[in-house]
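Asker: Structure, please.
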Amino acid sequence: MKIKTSNILGFAAILIMAIVMTAGLGERPEAAAFDWDNTPEGCTSILVGKKASTDGSTMSTHTCDCGVCDWTWRHIPAADYQEGAKRKIYHINQYVTWPPAEGLKWERIKDAFTGVEIPQPAHTYAYHHGMFGYMNENQVAIGESTIGCQRKLRNPTPSAIFDITSLTLMAMERATTAREAIQIMGSLAEEYGYGFNDAGEMLAVSDPDEVWIFEIMPAGPLWTPETKKPGAVWCAQRVPDDHVSVTPNESRIGQIDLQNKDYFMASSNVISLAVDMGFYDPSSGEPFSWQKAYAPTEGSAASSGARRGRLWRFFQ
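Answerer: Numbers count the residues shown, from 1 in each chain. Predicted coordinates for the structure are as follows:
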């Protein structure tokens with residue numbers, strides 16, 4: 001694979017810094033599906049634009065502080081497929097592991113086949129993955145941070161075919177750019193439904209030229225394909241080239257401008273679902289805010305489970 005050394009070294013340096021900053025800190029937002037009340041761990045993603053780094057590299061980093069997760073790293077080679085080939089989709093829980101005697105996680109997930117197969121492209125790219133898809137041969141890279149969502153949005157039912165792990169694997173297999181990765185993940189989640197194992201999630205998605213914040217939520221427990229509505233709601237905002245950003249288990253996208261296609265992308269229901277769910281009232285005169293509608297957060301540095309502390313420490 002043609003992966004820039006500077007990208008890897010930068011990734012590693014920021015990753016180590018983030019681990020030091022977040023060790024022992026913070027729980028995820030109350031709206032997250034996992035019980036973080038009794039787990040003093042959290043995930044921090046740091047994003048760096050190409051003009052904000054010393055060597056012109058983009059960076060999208062990930063600390064996933066989880067003592068019960070399977071950290072097996074795997075390399076998936078590139079592959080070619082005949083016309084009509086199908087790709088099986090599995091439910092992949094971030095937190096479930098098995099004793100070695102029962103088999104490796106990436107074999108055991110085949111027990112959780114969703115029953116859905118999607119068309120394979122003619123060619124898939126080589127990539128590395130652990131709990132998530134992390135980087136492919138096109139230098140499309142992903143970091144993750146759970147951000148929670150409004151409880152009414154959660155969809156833990158089997159109608160939600162994709163979870164955040166399976167979406168990132170699809171992006172690694174099929175994307176040549178960060179924008180393309182976001183569009184792939186968003187369109188699959190809309191068509192087949194998102195949730196089951198996961199609720200609100202943020203992904204730091206980068207390529208050698210751009211860095212994006214991608215945030216996605218389920219569309220509620222009553223969603224099924226028969227509704228003919230999107231099975232997820234998502235939004236993405238590009239980090240300006242000379243900026244840095246950090247996600248400490250909180251949504252980072254506020255007001256959006258979908259006319260500015262160079263900096264924003266979103267699902268077709270990004271505002272309408274908020275109205276239908278009672279999260280936003282257009283007649284209020286207030287501008288629409290993605291975070292306020294779908295993943296509102298309250299609290300101070302002292303009361304937010306160290307999320308605000310991590311945010312402050314990074315910008316300091």
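Asker: Dump the C-alpha coordinates for stretch 108-115 into CSV.
Answerer: C-alpha atoms of stretch 108-115 as CSV (Å, rounded to 0.1, in the frame of the first residue of the first chain):
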residue,chain,number,x,y,z
ARG,A,108,-17.8,-15.5,15.2
ILE,A,109,-19.5,-12.5,13.7
LYS,A,110,-20.6,-14.8,10.9
ASP,A,111,-23.1,-16.1,13.5
ALA,A,112,-24.8,-12.7,13.4
PHE,A,113,-25.6,-12.6,9.7
THR,A,114,-28.3,-10.0,9.2
GLY,A,115,-29.9,-11.9,6.2
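Asker: Can you list the buried residues in it?
Answerer: Under the neighbour-count criterion of 16 or more other C-beta atoms under 10 Å, stretch 108-115 has 109, 114 buried. Where you see a C-beta, it was placed from the backbone N, CA and C, and this is true even at glycine.
Asker: List of residues touching it?
Answerer: Outside stretch 108-115, the residues that touch it by C-beta atoms under 8 Å, 6 or more residues apart in numbering are 88-93, 98, 102, 158, 161.
Asker: if we go to 6 Å?
Answerer: 88-92, 98, 161 (C-beta atoms under 6 Å, 6 or more residues apart in numbering).
Asker: Tell me the gap between that stretch and the middle of its chain.
Answerer: The chain centre lies 21 Å from the centre of stretch 108-115; the measure is C-alpha atoms, centre = their mean, to the nearest Å.
Asker: was I right about Ile92 contacting Leu167?
Answerer: No: counting by C-beta atoms under 6 Å, Ile92 stays clear of Leu167, with 9.8 Å between them.
Asker: So the two - more neighbours on which side?
Answerer: Leu167 (30 against 23; other C-beta atoms under 10 Å).
Asker: how near is that one to Glu144?
Answerer: Distance of Leu167 to Glu144, computed by C-beta to C-beta, to the nearest Å: 10 Å.
Asker: follow-up on the earlier one: which members of the contacts of stretch 108-115 are the farthest-apart pair?
Answerer: Trp98 and Ile161 (22.5 Å; C-beta to C-beta).
Asker: Which of those two has more residues huddled nearby?
Answerer: Per other C-beta under 10 Å, whichever of Trp98 and Ile161 has more neighbours is Ile161, with 23 against 13.
Asker: could you dump the contacts of stretch 108-115 to JSON lines with distance to Ala78?
Answerer: Formatted as JSON lines, the contacts of stretch 108-115 follow (distance: C-beta to C-beta, whole Å):
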{"residue": "Lys88", "distance to Ala78": "19"}
{"residue": "Ile89", "distance to Ala78": "20"}
{"residue": "Tyr90", "distance to Ala78": "21"}
{"residue": "His91", "distance to Ala78": "25"}
{"residue": "Ile92", "distance to Ala78": "21"}
{"residue": "Trp98", "distance to Ala78": "29"}
{"residue": "Ile161", "distance to Ala78": "25"}
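Asker: Nice, that's everything, thank you.
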